[in-house]
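Trainee: would you be able to build a 3D model of this:
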Amino acid sequence: MSGGGTEAPVGGEVAPVGGVKKRDSLGTAGSAHLIIKDLGEIHSRLLDHRPVIQGETRYFVKEFEEKRGLREMRVLENLKNMIHETNEHTLPKCRETMQDNLKEVLQRLQAANDSVCRLQQREQERKKVYNDHLLASEKQRQLQWEDFMKEQPLRQAEVDEEHRRAMERLKEQYAEMEKDLAKFSTF
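Mentor: Numbering: from 1, shown residues only. The predicted structure follows:
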């Protein structure tokens, strides 16, 4: 029952010469003990897999940890190589390129800034000229308005005088017309 090996005699059994076991009768305590022992062995081999599973589990965990450790070591080694390459090659190239390009960019920015300053200055000068022109025009219009307002009483007086004369002429004309009409009405 041990799975392929030869069994040694148990208890009071004697192994016969021909390889066939001689069993006690069923009623003896030794034979019951053997049957229980055999049943325990059969049960443990067929139904109790804990020792096998524990062994397999330990093996799996051991292999997993070793493979994981190797995988992590490879990853760490790759990271170390990448960092070394970046520090030794990529960063200096980037730094040189950045410094070269920064000089050019700074020159362009300075030129753009100067252009903007000139444009702002021109715009301010144009606005100043425009504002000065507006102020001068406003002053001129103000002076013209004042002159116009000073002349108004004189013009009003002239118009009033002309109106008075026209009224007198009309009165004289109507008076003459009445005289003429009075001459003709006496007939």
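Trainee: please count neighbours and contacts with C-alpha atoms only from this point.
Mentor: Noted.
Trainee: any idea how far Asn131 is from Ile53?
Mentor: From Ile53 across to Asn131, the span is 99 Å (Cα to Cα, to the nearest Å).
Trainee: helices of the protein, residue ranges please.
Mentor: Ranges of helices within the chain are 29-46, 50-85, 91-185, based on DSSP state H.
Trainee: can I get the ones you listed in a markdown table including mean neighbour count and mean pLDDT?
Mentor: Formatted as a markdown table, the helices of the chain follow (neighbours: other Cα atoms under 10 Å; pLDDT from 0 to 100):
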| stretch | mean neighbour count | mean pLDDT |
| --- | --- | --- |
| helix 29-46 | 14 | 82 |
| helix 50-85 | 12 | 82 |
| helix 91-185 | 12 | 92 |
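Trainee: for stretch 162-170, C-alpha coordinates in CSV please.
Mentor: Output of stretch 162-170 as CSV, limited to C-alpha atoms (Å, rounded to 0.1, in the frame of the first residue of the first chain):
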residue,chain,number,x,y,z
GLU,A,162,-32.8,147.2,-41.0
HIS,A,163,-36.1,145.7,-39.9
ARG,A,164,-37.1,149.1,-38.4
ARG,A,165,-36.2,150.9,-41.7
ALA,A,166,-38.2,148.3,-43.7
MET,A,167,-41.2,148.8,-41.4
GLU,A,168,-40.9,152.6,-41.8
ARG,A,169,-40.8,152.3,-45.6
LEU,A,170,-43.7,149.9,-45.5
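Trainee: and it, how far from the chain's centre?
Mentor: In terms of Cα atoms, centre = their mean, to the nearest Å, the centre of stretch 162-170 is set 89 Å apart from its chain centre.
Trainee: and stretch 103-118, by the same measure?
Mentor: Distance of stretch 103-118 from the chain centroid (Cα atoms, centre = their mean) equals 29 Å.
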